[in-house]
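>>> Predicted model and sequence follow; I will ask about them next.
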Amino acid sequence: MTMIEDIDREHPDYGRIIGALRADRCPDCDASDMIGGPRGGASQNLFCGRCGSGFNVAQPRYIMLAQRIGRRQA
Ligand SMILES: [Zn+2]
């Protein structure tokens, strides 16, 4: 089952998670190994190459919002 969790300004970890994604780091394991997946319009999927955590982010060039989209096998 894939759990989708919105990470918006109301989210308690918004600053930490968005800050990590902007710095191209995984919010969960701090690896600098984020792999870009499909990109459509104003959003893009990013997956961590180490732990597999996935995020759908917007905008790709300057992330303001993210959704946690579950983990894939790393
Ligand atoms: Zn990770």
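Everything's here; your move. Computed from a predicted structure; not experimentally measured. Numbers count the residues shown, from 1 in each chain.

>>> Dead centre of this protein: give me the residue that sits there.
The centre of the chain sits closest to Phe55, judged by C-alpha atoms, centre = their mean, with a distance of 3.0 Å.

>>> any bit of the helix or strand of the chain with the lowest mean pLDDT sitting next to the ion?
Every helix and strand of the chain was ranked by mean pLDDT, DSSP states H and E. The lowest is strand 34-40, at a mean of 87. No: residues of strand 34-40 are not located near the ion by C-beta under 5 Å from the ion, the shortest gap being 8.1 Å. (Each C-beta comes from the backbone N, C-alpha and C, glycine too.)

>>> For that strand, which residues meet the burial criterion?
Neighbour counts over strand 34-40 (16 or more other C-beta atoms under 10 Å) mark Met34 as buried.

>>> what do you get for stretch 5-19?
Per 16+ other C-beta under 10 Å, stretch 5-19 contains these buried residues: 7, 11, 17-18.

>>> rewinding a little: packing partners of the least confident helix or strand of the chain?
Counting contacts by 3 or more C-beta pairs under 8 Å, 6 or more residues apart in numbering; DSSP states H and E, strand 34-40 packs against strand 43-48.

>>> angle of the least confident helix or strand of the chain against strand 43-48?
Calculated by axes from the mean of the first three to the mean of the last three C-alpha atoms, to 10 degrees, strand 34-40 forms an angle of 160 degrees with strand 43-48.

>>> Flag every residue of this protein that's near the ion.
Contacts of the chain with the ion, taken as C-beta under 5 Å from the ion, map to 26, 28-29, 31, 48, 50-51, 53.
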